[in-house]
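1. this one's structure only:
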């Protein structure tokens, strides 16, 4: 009987802890862009072992004030809908090894020799996420 009770309590605790985290959306290549994988590789080279999410995951960061979350989502959605100057322009939310969140903008260009060059940059808005 004690073992059953302990098992139920342990299962309840595990369920509680699993449900407490922020539910973030992993970055996906929804439009099958040939620039997506080089962009992800470039981010990973600059931020090794980071987790990369869709920028809309900002709305699920419970530790960030809701007004700031909404403003950031509106801003980056508007930015994403504008015609980019590069061949590929995207925003990502990353979680670093130090459990810090950053908003990364990345621009990719197709070179004359058909190679892809990607340039990531941390946005100034990352300061609002930690």
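-> Received it, and whenever you're ready, just let me know what you need. As the structure is a computational prediction, the values presented were derived from the model and not from experiment.
2. Please make it C-alpha for all contacts and neighbour counts, starting now.
-> OK.
3. Check what contacts the longest strand seen in the chain and list those residues.
-> With residue count as the measure and DSSP state E as the assignment, the chain has strand 101-110 as its longest strand. Residues from elsewhere that reach strand 101-110, judged by CA atoms under 8 Å, 6 or more residues apart in numbering: 35, 39, 55, 86-96, 116-123, 125-127, 129-130.
4. what about residue 24, neighbour count?
-> The local packing of residue 24 (other CA atoms under 10 Å) involves 17 other residues.
5. Correct me if wrong: it contacts residue 55.
-> No: using CA atoms under 8 Å, residue 24 makes no contact with residue 55, being 9.2 Å away.
6. Run the chain-centre distance for the longest strand of the chain.
-> Taking CA atoms, centre = their mean, to the nearest Å, one finds the center of strand 101-110 at 11 Å from the center of the full chain.
7. what do you get for stretch 55-67?
-> 11 Å.
8. What separates the first and last residues of it, distance-wise?
-> End-to-end span of stretch 55-67 (CA to CA, to the nearest Å): 16 Å.
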